[in-house]
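Asker: my questions are about this predicted structure, shown below with the sequence.
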Amino acid sequence: MQNEQAILQCIEQTMVADAKIIRAAEMQLYEFQKVSGFASFLLKVVSNGELPLNIRMSAAIYLKNKVQKSWKSDTSKESVDVDDITLQEGSIIKENIIQILVANCENNHIRPHLTEAIRIILSRTNSWDMSGTINGLLTSGKADYTYTGLLLLFQMCNAHRYDMCGHREYIDSFISDVFPTVEEILSQLVNQTDYRSSELLYLILKSFKYACLNNFPQYFNNVEKLNSWIQLHLFICAKPLPKEVLDIDVSDRSLDKRVKVSKWGFGNLNRFIHRYTKSTKNISEEFVSYVFNQLAPTIVQEFFKIIQIWSTGSLWLSESALYHLIQFLEKCMVNDSLYPLIESHLSPIIESLIFTCLCASDQSVTLLEEDSEEYTRRYFDMNREGSTADVASTDFVFVVGHKRPEKLNFLLPFVNDILNSFVQNPNDLAIAYKQEGAMRMISSLFTFFSQDQNSLESLFSNYIVNLIGESRYPFLVARALETVANFSYEFKDLGTLSKIYELTYHNLLNSEELPVQIEAADALKTLVISNPQIHSHISGQVPGIMEKLLKLSKEFEIDILSEVMEAFVERFSDELTPFAKDLAHNLADQFIRLAQSMVESSASGSVSTGDQDQEIQASSLLQTMTTMVMSMNKVSLLDEFVPVCKFIIQSAQIVIITETVDLMDAMTLSSKSQFQQVAPQMWELFHDVLDSFQTYAMDYFECYNVFFESIVLFGFPQDQTYVAPFLQILSVKMESDIDYDVENVFELLQMYALSMKDIPLFTEAVRVGFGKAADLDVDAKSIIKLCLANLFVRPTETLQVLESQGATLEMLKIWYDNKFCSVYAVKLQIMAILSLLRLNEMPGSVSGFIGQFANKLVALVEQLPKAIRKRDVMASGGENLAGGDEDALEPEEEEDYFEDFEDDFKETPLDDLNAFDSVHLFFTTLQGENPEMYQQIVGQLTEDKRHSLQVILEFVSQKA
């Protein structure tokens, strides 16, 4: 192509130190890449060994990106862009890229970008038949060719890993052609111990996983071939690692390819047993039967041998390998067809494998001594659990209790024996290590021993109390405290409870070990939640506990601490009120520092586990603030927490916006409660929120609904400064193509009508609600409730709008066709009908419905007591919502019932309205002032409804 030298110069300029030159070069390259031949020229640059490596590597990166951007899929229906790679150029690339990969297969700077480009091409085309090419490379006898062939095998299988059954012709054909050659290579490689052979093995095992263990391959129909692969995997699993690998430090050993090969030996067998033990339309009963009767018994028997060798220390397995091994056994535990294979071996499996993986070790204790923060995250942070042996073992123990409870009779005595051994030999380090395994095991089983609480309490009094007070082994103290944290039952023995609390309290305040402090905090949370009888005894210590928790949370980011603080704030609000300002200031200060770090990290564009930890902690801190605002209603915390929300809104921290809105809503309600108005600080914050809708917040409208509702109900009646921009947001969102956005707008307008006695945007709402909304699957009840609210406050104007839009009859039909079950909805309908019947002159569009309105009015008044009873049952946490046979719901009513009752658990302007009194006042007033209208209404009631009305009016009169 033309400008080759200019392109080379631009590539070189992208690597200089001057940002302006880099930017200019990138802009030129952007223009060059639109010209046909750009990608093939880049490939030519990559292949030119005379050019500097940095230029060739940069060209490889540009090539990969160009392929990603411009290689059209075979099935794409998009129009051709000017910078798309043409079919002719694509053919040139496919003809040359493999030979260039062969030449650069050992170049770690270039190879990854070439293989990624190949994977992208393969994922977008089924016309590139690589079977012959790969077979030729694999049978060449040349090391570089074999390596390249396996790299291509890996990319082919990776690109088609998710091809579904029924669409696997391409990958199934490829497997049939290439796998026989791969099997020959595999049978030779499994006996080798050098690094390169293991690298090749790794590629084969991962290729097998991608090709065969996501969706059923036709290749598995040949069970002899399948059995051969299973045997090769088992050989890999049982193969000892060479000494040079075992000489590597344990923390770095898993990075070696030979260790990864062992991991995927177990990983593939684990995935196989999870994937192919249930028949589907693509997996036959015959195949599943073969797995159960032939393959699974073979795998299990070999795994038993491996466990036995491993338990003697003669075989080292990585954490990941053990994880997959235990996951395989767990599958056997839950599957009734597989369970007989391990049932008789369950005790040795638990004692030799599961328990051992749960015990402390030299490695874990060394980590505690050298890096207590990492130790705490590795062993006590639930959000950081990974694919490790102890995690799999904990899950296995839980499954034993859940699926095979008859085996619990073995586990509890086993744990007791282990714990008792420490009492007799407290100075034996090996026995101390086992205590950790015993505690982790019993903690996983608390749920299943709930009927035998005496045994559990004796375990605490006899063993756990002593371990909490242990001074020689801090790892045991931390684990004992975690055991307390996991015991969510009320202690019956107050003596045991008192000892545990005092020791836990002492460890929180005085231990110098981070994991001990963290777990002491978590244990205190469980103790105060599950044992309310101790609250009065410890209330004096709560301020000191909170002070320690705040100090800890500044030093170490973990969401456990925020959860603990929230639990204490919720239960000891009176004790903490004198310290509320200081506590709130410290929480806010800590949050701002954390949020600033999150903003900086986001600006850098990097994502890490640390970022996720920060997000979790930020969320927890906001929840604690919300709990403080809701619980400590005698003190205003706006000065402390409003700046927190302003920072989040102004810096667009979307990831924690839901928690932020909850805090804003809590502060709005708090200011209303304390000052009988929305405080000035909240109006400033509301202004910031409205501003955010000019940039990013419009996409997150639903998140703000609860806050907006409180502003509408308690703010706008006193201050209308921001009504216009708020309604503008609703107007925009009403045109949304998202159903729940439209529903939220209708709900806010409904509350606005009841609160402000006005009906803005109603014409638009009717147009959307009875037109576009039907296509969006918007809940029809939402527009009807808006119409009813507007009829209540402005009946004449509402009817005029409905009539102008030709929607009156449709509105009435939808209203009468739907059932509204909540107290709020029943009241709303009653008040809407009363407003209609009060009109001096009813419009012609509805004047013919007076009889229907009257009968519905009485029916609603009859329904109201039933709705109130059901609401009260739900509010008290009851489950028997029927409240008597006469109240029983039809099955088809239940879903609507539960949806509607959400209205009854939020504050509305109708809460204090007595609908019975309103109906009584209407009829008695009407009878005296307009007897003709009274007779017209009553005269159109059915006999039953007339009698009901008489009873209702007499009942209200007697109560007055």
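Answerer: Ah, there it is.
Asker: quickly list the domain ranges of this protein.
Answerer: 222-312, 720-816, 819-875+897-959 (the TED database).
Asker: verify the stated contact: residue 485 with residue 529.
Answerer: No - using Cβ atoms under 8 Å, residue 485 makes no contact with residue 529, being 10.3 Å away. Every residue, glycine included, has its C-beta placed from N, CA and C.
Asker: the two: who's more crowded?
Answerer: residue 485 (23 against 14; other Cβ atoms under 10 Å).
Asker: ranges for the helices of the stretch 201-350 of the chain?
Answerer: All helices of the stretch 201-350 of the chain, identified by DSSP state H, counting those that start in this stretch, fall at 223-238, 243-246, 250-253, 257-275, 285-290, 296-311, 319-334, 339-343, 346-348.
Asker: quick one: least confident helix or strand in the chain?
Answerer: Here the helix or strand of the chain ranked lowest by mean pLDDT, DSSP states H and E is helix 891-900, holding a mean of 59.
Asker: could you point out which element follows that one?
Answerer: helix 915-929 (DSSP states H and E).
Asker: convert the C-alpha atoms of whichever helix or strand comes after that next one to PDB, please.
Answerer: Reading on from helix 915-929 to the C-terminus, the next helix or strand found by DSSP H and E is helix 931-939. The C-alpha atoms that make up helix 931-939 are tabulated as PDB, following Å, rounded to 0.1, in the frame of the first residue of the first chain:
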ATOM      1  CA  PRO A 931     -82.100  15.100  48.200                       C
ATOM      2  CA  GLU A 932     -82.800  14.600  44.500                       C
ATOM      3  CA  MET A 933     -79.200  13.600  43.800                       C
ATOM      4  CA  TYR A 934     -79.200  11.500  47.000                       C
ATOM      5  CA  GLN A 935     -82.300   9.600  45.700                       C
ATOM      6  CA  GLN A 936     -80.700   9.200  42.200                       C
ATOM      7  CA  ILE A 937     -77.600   7.600  43.700                       C
ATOM      8  CA  VAL A 938     -79.200   5.400  46.300                       C
ATOM      9  CA  GLY A 939     -82.000   4.500  43.900                       C
END
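Asker: who touches the helix or strand following helix 931-939?
Answerer: As assigned by DSSP H and E, the chain's next helix or strand after helix 931-939 is helix 943-959. The contact list for helix 943-959 (Cβ atoms under 8 Å, 6 or more residues apart in numbering) reads 854-855, 858-859, 861-862, 916-917, 919-920, 923-924, 938, 941.
Asker: the same query, at a cut-off of 6 Å, please.
Answerer: 855, 858, 861, 862, 916, 920 (Cβ atoms under 6 Å, 6 or more residues apart in numbering).
Asker: and for stretch 11-20?
Answerer: By Cβ under 6 Å, 6+ apart, stretch 11-20 touches 21, 22, 25, 54, 55, 58, 59.
Asker: restricted to helices, list those residues.
Answerer: Counting by DSSP state H, the part of the contacts of stretch 11-20 found in helices is 21, 22, 25, 54, 55, 58, 59.
Asker: among those, the buried ones, what's the ChimeraX command?
Answerer: A single ChimeraX command selects the buried members of these (16 or more other Cβ atoms under 10 Å):
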select :25,55,58,59
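Asker: JSON lines for the ones in helices among the contacts of stretch 11-20, including pLDDT and distance to residue 757?
Answerer: Formatted as JSON lines, those follow (pLDDT from 0 to 100; distance: Cβ to Cβ, whole Å):
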{"residue": "21", "pLDDT": "92", "distance to residue 757": "66"}
{"residue": "22", "pLDDT": "90", "distance to residue 757": "62"}
{"residue": "25", "pLDDT": "91", "distance to residue 757": "65"}
{"residue": "54", "pLDDT": "93", "distance to residue 757": "72"}
{"residue": "55", "pLDDT": "93", "distance to residue 757": "73"}
{"residue": "58", "pLDDT": "94", "distance to residue 757": "68"}
{"residue": "59", "pLDDT": "94", "distance to residue 757": "70"}
